[in-house]
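>>> 3D, please:
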Amino acid sequence: MTIRAMWNLIRFHWVLLLLATIIGMAAGWSLASTRTAEYTAKAEVFVVADSRRSAGDINQAATYSRDQAQNFAQVATRQLVLDRVIEDADLPLSVGQLRNKVSTSVPLNTSIISISATDPSAERAAVIANGVAASLSKSIIRLVPQRNGRDPVEVESVERADVPQAPSGTPIALLTLVGGLVALVIALLLLGIKEFFRGRVRTAEQARDITRSPILGTVSRNSGGARHIIVLADAPNSAHAEQYREIRANLQALLTKPKRNVFVVTSSVSGEGRSTVAANIAATIAAAGTKVCLVEADLHRPALAGALGLETGLGFTSLVTGGAELNEALQPWGENGLQVLVAGSAPYNPSELLASREAEAVLTTIRDKFEVTIIDAPPVLPVADAMVLARLFGGAIMVVSERKVRVREGHHAVDRMAHVGAPILGTIFTLSKRASRSRRSRGGYSGGSTGESYDVTGASDHEGESRPVTKLRHAQRASISARVQGV
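Here you go, the predicted model:
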């Protein structure tokens, strides 16, 4: 998971993560508060080996004592030593219980044995640590035989255990913090797994990362009062219309490339607003004076004819099967010269028909006849039609809808396109709540594709519009038209 993906995960689920952290901290504090306080006392003994004053003897004795310290540290927790501790201190413990309270360690390259004893009673912890140190010293005499009437090694106390004043173990504050961190990590892990398998695209940045292509524009959710899917026909001066004008302006970079006058518009799955986007792009480019043809290539579930109020008889299938000529099948829409080729009658083999040489010839003829051709293609995952068209015309524009498509579906669609050598030319993010909020926050102003601001309160071009605003809008539209026509 990338840093950006992790940030999006935190941003989208921060309330849940905060709640998980609070619960984890509460659990850590509860555990720390209810546990029995224990005290740890520590005593130290030193292993001394007998030497005979020569330098060689002293070096050998030092090495011998270090080796024996390791052995004696193990002996300190054995029954030979612990039985004497229980008896001398009159402890109500078995050898096994006492062994669980005692631990030993030997610092590296030393002959010191550190003896630690842990008990709920501070006084008894000190008694046990000192008792084990004393019992170990006496037990060593029995374990190591004398040589020449002398003990070859002795264990001397160098540090007696004092009664500890504060409980040992992890502080309550630290346990509380650890509990919160553990809960946060677990929550992030579970959310990451969920996002990987079930997560949906929520931002334009996510869409860009998935398609690995630039964002051509972001289209907000419609207000619900629209009377037509073409925004320019319903509210030409709205901020919603300006979003499509921005997309038109961003398409100029693609139009400048040789033979790039055909745009295949597709999506990963159905229901992402693909046909609406294709129709609005075509209408917006046509409004700038460009000769545009909108082709409905979704032969599985055609919908443009009904949405635009056009006839459904003659269409794309009629041209492919030789049942009509291009001029007979094209239908004009609107006042800007937009020509629409609907799907026509539903064929029994839509995918095979679209992949035929006849279909390629029809689309090539349309490409040569018009300055810009917009093809409304089916979604990528259900059928292969979009991949065929994208490969034929050098790529596609991917429509990605907020909360409609899953992240895995988006990646799968892009991988399928890449597998056939069809690049994603750009991405349009639709149904965006953030864009809707941004549109409302601008009040009566909306930035056009040229970066200028003007009134888009909803007044028509002919009613109630002030002369300066009219001049500015017409000047801006003329500028865009000049750029489109000059390509």
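
>>> doesn't V400 make contact with G271?
No - in this structure G271 lies outside contact range of V400 using Cβ atoms under 8 Å: 11.9 Å. In this view, the C-beta of every residue, glycine as well, is placed from N, C-alpha and C.

>>> more crowded one of the two?
V400 (28 against 11; other Cβ atoms under 10 Å).

>>> can you pull the contacts of that one?
By Cβ atoms under 8 Å, 6 or more residues apart in numbering, the contact set of V400 is V201, A207, I210, T211, S267, S268, E272, G410, T427, I428, F429, T430.

>>> What about these, which are in helices?
A207, I210, T211, G410 (DSSP state H).

>>> hmm, back to that, among the contacts of V400, which pair sits farthest apart?
I210 and T430 (14.1 Å; Cβ to Cβ).

>>> which SSE is A32 in?
If you go by DSSP states H and E, A32 is part of helix 14-34.

>>> packing partners for that helix?
helix 172-198 (3 or more Cβ pairs under 8 Å, 6 or more residues apart in numbering; DSSP states H and E).

>>> now the helices for the stretch 201-350 of the chain?
Here the stretch 201-350 of the chain has its helices, by DSSP state H, counting those that start in this stretch, at 204-211, 231-234, 239-255, 274-287, 304-308, 316-320, 326-329, 350-354.

>>> Dump these into JSON lines; add distance to V106 and mean pLDDT as well.
Shown next, in JSON lines, are the helices of the stretch 201-350 of the chain (distance: least, Cβ to Cβ, whole Å; pLDDT from 0 to 100):
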{"stretch": "helix 204-211", "distance to V106": "55", "mean pLDDT": "89"}
{"stretch": "helix 231-234", "distance to V106": "81", "mean pLDDT": "82"}
{"stretch": "helix 239-255", "distance to V106": "72", "mean pLDDT": "87"}
{"stretch": "helix 274-287", "distance to V106": "73", "mean pLDDT": "93"}
{"stretch": "helix 304-308", "distance to V106": "84", "mean pLDDT": "88"}
{"stretch": "helix 316-320", "distance to V106": "87", "mean pLDDT": "91"}
{"stretch": "helix 326-329", "distance to V106": "94", "mean pLDDT": "90"}
{"stretch": "helix 350-354", "distance to V106": "77", "mean pLDDT": "89"}
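
>>> would you turn these into TSV with mean neighbour count?
Output for these, formatted as TSV (neighbours: other Cβ atoms under 10 Å):
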stretch	mean neighbour count
helix 204-211	21
helix 231-234	20
helix 239-255	21
helix 274-287	27
helix 304-308	18
helix 316-320	24
helix 326-329	14
helix 350-354	18
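
>>> In JSON lines: these, plus distance to S135.
What follows is the helices of the stretch 201-350 of the chain, written out as JSON lines (distance: least, Cβ to Cβ, whole Å):
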{"stretch": "helix 204-211", "distance to S135": "68"}
{"stretch": "helix 231-234", "distance to S135": "91"}
{"stretch": "helix 239-255", "distance to S135": "85"}
{"stretch": "helix 274-287", "distance to S135": "84"}
{"stretch": "helix 304-308", "distance to S135": "94"}
{"stretch": "helix 316-320", "distance to S135": "98"}
{"stretch": "helix 326-329", "distance to S135": "105"}
{"stretch": "helix 350-354", "distance to S135": "88"}
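
>>> now for the ones you listed, which one comes closest to T373?
Nearest to T373, of all the helices of the stretch 201-350 of the chain, is helix 274-287, at 8.7 Å by Cβ to Cβ.

>>> Okay, angle between the closest one and helix 239-255 too, please.
Calculated by axes from the mean of the first three to the mean of the last three Cα atoms, to 10 degrees, helix 274-287 forms an angle of 80 degrees with helix 239-255.

>>> Need the pLDDT of the nearest residue to V405 once chain neighbours are set aside.
In space, and not counting its chain neighbours, V405 is closest to S268: 4.9 Å by Cβ to Cβ, 6 or more residues apart in numbering. Here the pLDDT value assigned to S268 is 93.

>>> Please report how far S268 lies from T170.
49 Å (Cβ to Cβ, to the nearest Å).

>>> For those two, indicate the residue with more neighbours.
Higher neighbour count among S268 and T170: S268, with 30 against 14, using other Cβ under 10 Å.

>>> The biggest strand by length in the chain pairs with which strands?
In terms of residue count, the longest strand belonging to the chain (DSSP state E) is strand 39-49. Sheet pairing for strand 39-49, assigned by DSSP bridges, gives strand 112-119 (antiparallel), strand 153-159 (antiparallel).

>>> Could you give the separation of it from the chain centroid?
54 Å (Cα atoms, centre = their mean, to the nearest Å).

>>> again, but for stretch 73-83
Using Cα atoms, centre = their mean, the mean C-alpha position of stretch 73-83 is found 56 Å from that of the whole chain.

>>> which regions of the stretch 1-150 of the chain lie under the pLDDT threshold?
Under the criterion pLDDT under 70, the flagged ranges of the stretch 1-150 of the chain are 1-2, 4-5, 50-58, 146-150.

>>> swap the cut-off to 50 and go again
Within the stretch 1-150 of the chain, the stretches with pLDDT under 50 are 54-55.

>>> how about the helices of it, start to end?
Using DSSP H, counting those that start in this stretch, helices in the stretch 1-150 of the chain cover 3-12, 14-34, 55-75, 79-89, 95-99, 122-143.

>>> so which of those helices gets nearest Y244?
helix 3-12 (26.6 Å).

>>> mind exporting that closest one as CSV, just the C-alpha atoms?
Output in CSV follows, covering the C-alpha atoms of helix 3-12 (Å, rounded to 0.1, in the frame of the first residue of the first chain):
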residue,chain,number,x,y,z
ILE,A,3,1.6,6.4,1.2
ARG,A,4,-1.2,8.1,-0.7
ALA,A,5,-3.4,5.0,-0.3
MET,A,6,-2.7,4.9,3.4
TRP,A,7,-3.5,8.6,3.7
ASN,A,8,-6.8,8.1,1.8
LEU,A,9,-7.6,5.2,4.1
ILE,A,10,-7.1,7.4,7.2
ARG,A,11,-9.0,10.3,5.7
PHE,A,12,-12.0,8.2,4.7
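
>>> Show me what that helix is packed up against.
Applying 3+ Cβ pairs under 8 Å, 6+ apart, one finds that helix 3-12 contacts helix 172-198, helix 204-211.

>>> Point out the most buried one among those helices.
helix 204-211 (a mean of 21; mean count of other Cβ atoms under 10 Å).

>>> Against which helices or strands is that helix packed?
Against helix 204-211 (3+ Cβ pairs under 8 Å, 6+ apart) you get helix 3-12, strand 215-220, strand 396-401, helix 407-419, strand 424-432.

>>> got the CA positions of the last one in PDB?
To tie it back to what came earlier, the one meant is strand 424-432. Provided in PDB are the C-alpha atoms of strand 424-432 (Å, rounded to 0.1, in the frame of the first residue of the first chain):
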ATOM      1  CA  ILE A 424      -5.900   5.100 -21.200                       C
ATOM      2  CA  LEU A 425      -5.600   8.700 -22.700                       C
ATOM      3  CA  GLY A 426      -7.300  10.400 -19.800                       C
ATOM      4  CA  THR A 427      -9.700  10.000 -16.900                       C
ATOM      5  CA  ILE A 428     -13.000  11.800 -16.200                       C
ATOM      6  CA  PHE A 429     -14.200  11.500 -12.600                       C
ATOM      7  CA  THR A 430     -18.000  11.600 -12.300                       C
ATOM      8  CA  LEU A 431     -20.700  11.800  -9.700                       C
ATOM      9  CA  SER A 432     -18.300  13.700  -7.400                       C
END
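
>>> Great, nothing more from me.
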